[in-house]
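Enquirer: Need the 3D shape of this:
(one chain, ligands or ions: 2)
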Amino acid sequence: MTLIEWSEKLAVGVGEMDSQHKKLIDMINKVHELIEQGKGEEAREFFINEITRYLEEHLKAEEEFMKSINYPEFERHKQAHDNFRKVMSEFIPKIKEGDCKEFRSAVALSWSWLYSHILKFDKRYGEFYNKRNASS
Ligand SMILES: [Fe+2]
Ligand SMILES: [Fe+2]
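Expert: Numbers count the residues shown, from 1 in each chain. Ligands and ions are numbered 1, 2, ... in the order given. Sure, this is the predicted structure:
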């Protein structure tokens with residue numbers, strides 16, 4: 001399994017959000033590493049206790065940020081977050097039951113969702129925010 005890296009391509013141009021994204025990517029990499037080292041139990045606990053918690057913190061922080069700048073696409077963006085929240089919450093009980101296949105799917109999905117969501121959604125509030133700042 002290859003590790004993933006944050007790159008400029010993923011920059012949204014809002015410092016706090018970029019550092020949260022970096023932290024999330026580091027956390028997902030840590031889960032990959034634990035799995036590779038055969039520490040499945042530890043990986044599972046880290047995923048359920050740390051990643052899902054930090055992910056929720058991040059989604060909330062973004063929603064607060066978007067509201068604070070009166071972002072016009074807030075509803076659509078929030079909907080994308082809510083869809084992901086739902087998918088993740090359905091994974092959790094299966095992971096807790098010890099289903100390895102479901103766990104691996106959840107880890108893979110977290111990464112691919114984060115990656116495409118940053119490119120498709122998060123970058124847009126960054127553009128809006130930076131344009132607004134430039135014109136004021
Ligand atoms: Fe987002
Ligand atoms: Fe984000």
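Enquirer: Spatially nearest residue to the residue nearest the centre of the chain, not counting backbone neighbours?
Expert: The chain has residue 114 as the residue nearest its centroid, 4.4 Å off, counting by Cα atoms, centre = their mean. Closest residue to residue 114 apart from its sequence neighbours, by Cβ to Cβ, 6 or more residues apart in numbering: residue 24 at 6.1 Å. Glycine gets a C-beta too; all of them are placed from N, C-alpha and C.
Enquirer: any idea how far the residue nearest to the centre of the chain is from ligand 1?
Expert: 9 Å (Cβ to the ion, to the nearest Å).
Enquirer: For the protein, give me the ranges with low pLDDT.
Expert: The model of the chain has pLDDT under 70 over residues 1-3, 136.
Enquirer: picking up where we left off before, number of residues surrounding the residue nearest to residue 114?
Expert: A count of neighbours around residue 24, defined by other Cβ atoms under 10 Å, yields 20.
Enquirer: Just the element for it, please.
Expert: Per DSSP states H and E: residue 24 is located in helix 15-36.
Enquirer: In that helix, which residues are buried?
Expert: 17-18, 20-21, 24-25, 27-32, 34-35 (16 or more other Cβ atoms under 10 Å).
Enquirer: What sits closest to residue 74 if chain neighbours are left out?
Expert: Nearest one to residue 74, counting by Cβ to Cβ, 6+ apart, is residue 66 at 4.8 Å.
Enquirer: Looking at the buried residues of helix 15-36, spot the one nearest ligand 1.
Expert: residue 17 (8.3 Å; Cβ to the ion).
Enquirer: and the residue nearest to residue 74, helix, strand or coil?
Expert: helix (DSSP: H, G, I helix; E, B strand; the rest coil).
Enquirer: Give me the contact list for stretch 8-22.
Expert: Here stretch 8-22 makes contact (Cβ atoms under 8 Å, 6 or more residues apart in numbering) with 6, 58, 61-62, 65, 114-115, 118-119, 122-123, 125-127, 129-130.
Enquirer: Mind checking which of the residues you listed are buried?
Expert: Among those, those classed as buried by 16+ other Cβ under 10 Å are 6, 58, 62, 114-115, 118, 122-123, 125-126, 129.
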